[in-house]
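prediction below, plus the sequence it came from.
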Amino acid sequence: MLSTWEDVKTLGLSLGLPKVEVATSWGNENLKAHGKMWTWWSPYVEAAIFKGDIEEREMLMAADPDTFILHSHYAKHGLLLVAAGRIDPDWAEARLRGTWRQLAPKRFLKDWDAGLVDQA
């Protein structure tokens, strides 16, 4: 299980995906993909934050409330908070890869899928 921001950051950077960078937003380190926030650590609660949507978050919280949590700061946003020490690396990798694809411009993704883009 992943327990810290360093664990999540290391996983994200290890995926070898292009257009991924370490950045700082609102005074906190995060990873950006294609210039957009991709994953980060909450400054409000010990949890990693991944992109998702409110319906998915509600379903995950109902299924596993010890792992998928919510802080009031994020209530209006489609973000998934995963409690420190309960972040499954396989789940996180699949989530990061899927989100990376969602954030990619369509033309870039077409070239990536065709093998025309070098890895990071």
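The structure has been received and is ready for your questions.

start from the N-terminal end of this structure and give the strands.
For the chain, strands defined by DSSP state E occupy the ranges 20-25, 28-33, 36-41, 47-51, 68-69, 79-83.

note down every partner strand of the first one and its orientation.
The partner list of strand 20-25 in its sheet, established with DSSP bridges, is strand 28-33 (antiparallel).

just to revisit the earlier point, any chance of TSV for the strands of the chain, columns mean neighbour count?
(Each C-beta comes from the backbone N, C-alpha and C, glycine too.) Shown next, in TSV, are the strands of the chain (neighbours: other C-beta atoms under 10 Å):
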stretch	mean neighbour count
strand 20-25	13
strand 28-33	18
strand 36-41	21
strand 47-51	23
strand 68-69	21
strand 79-83	23
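
please name whichever of those strands is nearest to Lys110.
strand 28-33 (16.6 Å; C-beta to C-beta).

contact partners of the closest one?
In this structure, residues lying in contact with strand 28-33 by C-beta atoms under 8 Å, 6 or more residues apart in numbering are 5, 9, 12-13, 17, 19-24, 37-41, 43, 99-100, 103-104.
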